[in-house]
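K.L.:
the following block contains a protein sequence and its predicted model.
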Amino acid sequence: MSIMAETARKLLAKRIFNEQLERCQVDYFDYYFLHAMGRSVYGTVQEQKGFEFMVQKKAEGKIRHIGFSWHDDADMLDRILTDHPETELVQLQLNYIDWENESVQSRKCYEVGVKHGVQVTVMEPLKGGALVRLPEAAANILKEADPDAGNASWGIRFAASLDQVEDNISYMKDFQPLTEGERETIAKTVQIINDSIAIPCTACRYCTSGCPKKIAIPEYFSLYNNQKQFGLLAGLATTYGNLTATHGKPQDCIGCKQCEDHCPQHLPIVENLKLVAEAFQM
């Protein structure tokens, strides 16, 4: 980057930051985030020196804590936190249906945050309201376990029971973390929800090693299932975009069917990829 371009970048960043302070009518920000971080935007953030800017503003007293919200896999999160140990906080999508989900990787990302000793904050504890509007059979399991508890409370308590967020729940009067029995109840609920999935992929990944177009088949199927179960297409678009930035798109499939030859579930993968492409249309 030329000296002139670097100067212009700094002036633009300073102007935008000052406008943010003015619009919020504050002298400093308690927390300042890089929004929707993932592998598809990390290169741009590095090029534009986003982390360096936040560190500078923190040194000036304009920011108290720096971090980013995350929408990608655990390996990439580990890489960024290794590259930028100055990160103090990461906002993760944490809820019981995404905890073991292969595309969202809530648990894996949470464990990376714990590994690096960063503070974790929660987004999507109810998955955009989807964990309130449960299938009847799943809702009945929760109701049987605790007739007085609403569906929403189970989701909130799951997220709040994680060790890294325990210190941030003092506002919750008489909060009680989930018991082992309640965790088993949630596991049964997850099973019922997952049993209703459109594509019963187990994410074994046998299908991906020889794919000539390097299509992230299990991840795309997971996103498609999420969309069909919960109807949150807009909320899944960022994750879909991150996948297409580093992998072949579903519509890139050439129909060689080598993936189907290796699938233990004998899924019609080629046809299912067409469904994914049609659903997201990106």
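P.N.:
That came through, no problem.

K.L.:
ok, Ser40 to Thr238 distance?
P.N.:
Separation of Ser40 from Thr238 (Cβ to Cβ, to the nearest Å): 9 Å. Using the backbone N, CA and C atoms, a C-beta is placed for each residue, glycine as well.

K.L.:
over to Leu162?
P.N.:
Separation of Leu162 from Thr238 (Cβ to Cβ) stands at 23 Å.

K.L.:
in terms of neighbours, single out the busier of these two.
P.N.:
Leu162 (21 against 17; other Cβ atoms under 10 Å).

K.L.:
what residues are up against that one?
P.N.:
Applying Cβ atoms under 8 Å, 6 or more residues apart in numbering, we find Leu162 in contact with 94, 110, 120.

K.L.:
then Pro268?
P.N.:
Contacts of Pro268 (Cβ under 8 Å, 6+ apart): Glu260.

K.L.:
make it 10 Å
P.N.:
Pro268 sits next to 199, 257, 260, 274-275 when contact means Cβ atoms under 10 Å, 6 or more residues apart in numbering.

K.L.:
restricted to helices, list the residues you listed.
P.N.:
260, 274-275 (DSSP state H).

K.L.:
can you work out which residues contact both of Ser40 and Thr238?
P.N.:
Counting by Cβ under 10 Å, 6+ apart, the residues touching both Ser40 and Thr238 are 71-72.

K.L.:
now this structure, which segments are flagged as low pLDDT?
P.N.:
Low-confidence segments of the chain, defined by pLDDT under 70: 1, 164-173, 232-234, 282.

K.L.:
is it possible to mark the buried ones in the contacts of Pro268?
P.N.:
Neighbour counting by 16 or more other Cβ atoms under 10 Å classes 199, 260, 275 among the contacts of Pro268 as buried.

K.L.:
how about the residues you listed in a markdown table, adding distance to Thr246?
P.N.:
A markdown table is the format used below for the buried ones among the contacts of Pro268 (distance: Cβ to Cβ, whole Å):
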| residue | distance to Thr246 |
| --- | --- |
| Ile199 | 21 |
| Glu260 | 23 |
| Leu275 | 22 |
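
K.L.:
can I see the domain layout of the chain?
P.N.:
3-195, 217-280 (automatic domain parsing).

K.L.:
tell me the most buried of those domains?
P.N.:
Neighbour counts (mean count of other Cβ atoms under 10 Å) averaged over each of the domains of the chain peak at domain 217-280, with a mean of 18.

K.L.:
centre of the chain to that domain, how far?
P.N.:
Remark: domain 217-280 is offset 17 Å from the chain centroid, using Cα atoms, centre = their mean, to the nearest Å.

K.L.:
any idea how far apart the tips of it sit?
P.N.:
Terminal residues of domain 217-280 lie 14 Å apart, using Cα to Cα, to the nearest Å.

K.L.:
and if you look at stretch 211-218?
P.N.:
Here the two ends of stretch 211-218 are set 12 Å apart, with distance taken as Cα to Cα.

K.L.:
and the contacts of that stretch?
P.N.:
Here stretch 211-218 makes contact (Cβ under 10 Å, 6+ apart) with 73, 102-103, 199, 201-208, 222-223, 242-244, 246-254, 256, 258-259, 262-263, 267, 269, 272-273, 276.

K.L.:
okay, and which of these map to helices?
P.N.:
If you go by DSSP H, these have 222-223, 242-244, 246, 258-259, 262, 269, 272-273, 276 in helices.

K.L.:
using TSV, lay out those residues together with distance to Leu12.
P.N.:
Converted to TSV, the ones in helices among the contacts of stretch 211-218 look like this (distance: Cβ to Cβ, whole Å):
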residue	distance to Leu12
Ser222	38
Leu223	34
Asn242	26
Leu243	30
Thr244	28
Thr246	28
Gln258	48
Cys259	46
His262	50
Ile269	46
Asn272	44
Leu273	41
Val276	38
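
K.L.:
of these, closest to Asn18?
P.N.:
Ranked by distance to Asn18 (Cβ to Cβ), the ones in helices among the contacts of stretch 211-218 are led by Asn242 at 30.7 Å.

K.L.:
show me the contacts of Leu162 that map onto helices.
P.N.:
Reading helices off those with DSSP H, I get Tyr110.

K.L.:
so which of the contacts of Leu162 is the closest to Glu47?
P.N.:
Val120 (27.2 Å).

K.L.:
mind checking how far the closest one is from Asp98?
P.N.:
Val120 is 14 Å from Asp98, by Cβ to Cβ.

K.L.:
then Gly210?
P.N.:
Per Cβ to Cβ, Gly210 is found 29 Å from Asp98.
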